[in-house]
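Below are the sequence and a predicted model; questions follow.
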Amino acid sequence: MWVITVMPEWIFHIILIIGIIGLILASFLSFIPFINKYKLPLQVISFVLFSIGLYLNGSLANDKEWQLRVSDLEKQVAEAKAKSEKVNTEVVTKVVTKNRIIKEKGDEIIKYVDREVVKYDNICPVPSEVVKALNAAAQNKTVEDAK
Amino acid sequence: MRYIILPLALMIAGCSTTAPVNTKFPDAPVVLLEKCPPLKTIEQENIVISDLTKSVVQNYTTYHKCSNTVDSWIEWYNQQKKIFESVK
């Protein structure tokens, strides 16, 4: 509500207090000649001021409550963002490390093949059908469709 | 009593706002968005057993890396979703 941002708080309280005082004066002090003379206008004006003051004070209280909620929510969002970034770092570190280990293990096996399996190159020929089947599986195609 | 009802009604009418705080689901790390590479095929027709075995080993390695990335993606998504939903 724009009125809350433009006017200071004490004005809203003053309006409400003036309205209450006016209503009390008009209701209980009408035996005083001066007040009795202007009873009706005083009641009307006091009632209007009381209504406006009550409305503005209600808006002020509501606004303060919402400010607290916004502040709390902003704090939660900041905490969630920090947790999220921590998860990002942990997951990335884990996946990079594990992939490096996988590659190292693969390289070790290749070294073993170059050391031990090469001994059988001349005595263990590979039929072309084996190559076709492996290529088809690698490409997820049938043997006829694979290159 | 009737003098109080109108002010009370006006006071309630002034109460309606929305909290202007938005949360956004985080972007995935680049390493988790990398696509799995295709498996290697054997190009030469006359291949020896050691080269064949090496090709198979390389493809198995590719699979394990890809599987690790997918598992990490699942873990990342579940954790981020839990954090995202905890903000109320």
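Yep, that arrived.

Is the helix with the most length in chain B positioned near chain A?
Longest helix in chain B, counting residues (DSSP state H): helix B:49-86. Yes. Between helix B:49-86 and chain A, judged by Cβ under 8 Å from any Cβ of the partner chain, the touching residues are B:49-50, B:52-61, B:64-65, B:68-69, B:72, B:75-76, B:79-80, B:83-84, B:86. For the C-beta atoms, the positions are set from N, CA and C on the backbone; glycine is no exception.

Tell me which residue of chain A is furthest from the middle?
For chain A, the largest distance from the centre (Cα atoms, centre = their mean) belongs to A:Ile123, which lies 66.4 Å off.

And B:Pro26, how far from A:Val91?
Counting by Cβ to Cβ, to the nearest Å, the gap from B:Pro26 to A:Val91 is 11 Å.

what's the neighbour count on residue 26?
As the question left the chain open, I've gone with chain A. As a burial measure, A:Ala26 scores 21 neighbours (other Cβ atoms under 10 Å in any protein chain shown).

could you do chain B instead?
Once other Cβ under 10 Å is used to define contacts, B:Pro26 is seen to have 16 neighbours.

Surely it touches A:Ser84?
Yes. The pair B:Pro26 / A:Ser84 is scored as a contact, 4.8 Å apart, by Cβ atoms under 8 Å.

joint contacts of these two?
Counting by Cβ atoms under 8 Å, 6 or more residues apart in numbering or on different chains, the residues touching both B:Pro26 and A:Ser84 are B:80, B:84.
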